[in-house]
Every structure is written in C-alpha cells, then in structure tokens.
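Student: Please work out how this folds:
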Amino acid sequence: VQLVESGGGLVQPGGSLRLSCAASGFTFSSYDMSWYRQAPGKERDLVATITSRGGVINYADSVKGRFTISRDNAKNTVYLQMNSLKPEDTAVYYCNAKHRIEVVSRAQGDYWGKGALVTVSS
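Tutor: So this is what the prediction gives:
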C-alpha cells in the first residue's frame with residue numbers, strides 16, 4: 001500500500017497550489033479519502049474529506065471557500081486545490097485513506113502518506 005503526495009512547495013500569500021496523492025496497492029474506489037495537515041508544534045487536523053464515489057464532501061471551516069478536494073478513481077488519485085493561501089495554511093499536508101465500510105476500516109486501520117510541505121510566506 002502506498003500513498004504518495006506531491007505538489008507542495010513555497011507560495012506567496014494569496015497564491016495557489018494543487019496537491020496530488022497517488023494511491024496504489026488497494027482498491028482506491030472503495031476508500032473515502034481525506035487530506036489532513038499538521039503545522040509546527042500543533043496536532044494533525046482534518047482539512048477535507050471526499051467519499052469513495054465523490055458523493056459527499058466535507059471541509060474544515062478554516063478552508064471552506066478556498067480549498068477544493070476532488071478525486072479521479074480511474075487514476076487512483078485524490079487532489080486538493082488550494083486557493084487564496086494564507087500564512088496560517090503553512091503545514092505538512094497528509095493524504096489519508098479509510099475504507100468506506102466501518103467494520104473493515106476498524107479492522108485494517110487507515111492508510112497514510114508521508115506528507116507534503118506547504119509553506120505560505122512572502
């Protein structure tokens with residue numbers, strides 16, 4: 001099982017970045033996918049979730065209207081489009097996969113990527 005994030009980097013306030021997470025080793029279309037982030041010295045927080053078939057999407061209040069999560073089940077990839085970036089968006093962004101069936105999810109646990117660093121600074 002692998003989740004590989006890409007697209008992070010340094011961007012000025014007000015700018016945009018698009019993160020990608022390429023999945024392999026499991027049936028991607030059976031998993032709800034999420035992006036989390038962890039700022040220095042802080043806990044890891046949920047940013048956005050998209051269900052296995054893309055029907056339900058949720059966002060943290062802090063990113064609503066600025067970030068968009070999407071997925072392409074044909075490419076086994078989930079994306080996070082980040083617009084109007086702020087310095088407080090600076091964090092390591094992690095991709096997460098959780099099986100859509102709760103009993104399976106509890107049995108096998110979640111899958112995590114290694115993270116992509118996003119730095120918003122002038």
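Student: C-alpha from now on. contacts and neighbour counts both.
Tutor: OK.
Student: Contacts only, for Arg37.
Tutor: Residues near Arg37 by C-alpha atoms under 8 Å, 6 or more residues apart in numbering: Arg44, Asp45, Leu46, Val47, Ala91, Val92, Tyr93, Tyr94.
Student: which SSE is it in?
Tutor: Per DSSP states H and E: Arg37 is located in strand 31-38.
Student: what pLDDT, on average, does that strand get?
Tutor: Model confidence over strand 31-38, given as mean pLDDT, is 98.
Student: for stretch 94-111, same thing?
Tutor: 95.
Student: Show me the beta-bridge partners of the residue minimising distance to the centre of the chain.
Tutor: Geometric centre of the chain, nearest residue: Trp35, 2.1 Å, by C-alpha atoms, centre = their mean. Beta-bridge partners for Trp35, by DSSP bridges, are Ala48, Cys95.
Student: What of Thr77?
Tutor: Here Thr77 sits in beta bridges with Ala22, Asp72, going by DSSP bridges.
Student: what about the closest residue to Gln38 other than its chain neighbours, how many neighbours?
Tutor: Residue nearest to Gln38 in three dimensions, not counting chain neighbours: Arg44, with 4.3 Å by C-alpha to C-alpha, 6 or more residues apart in numbering. Neighbourhood size, Arg44 [other C-alpha atoms under 10 Å]: 15.
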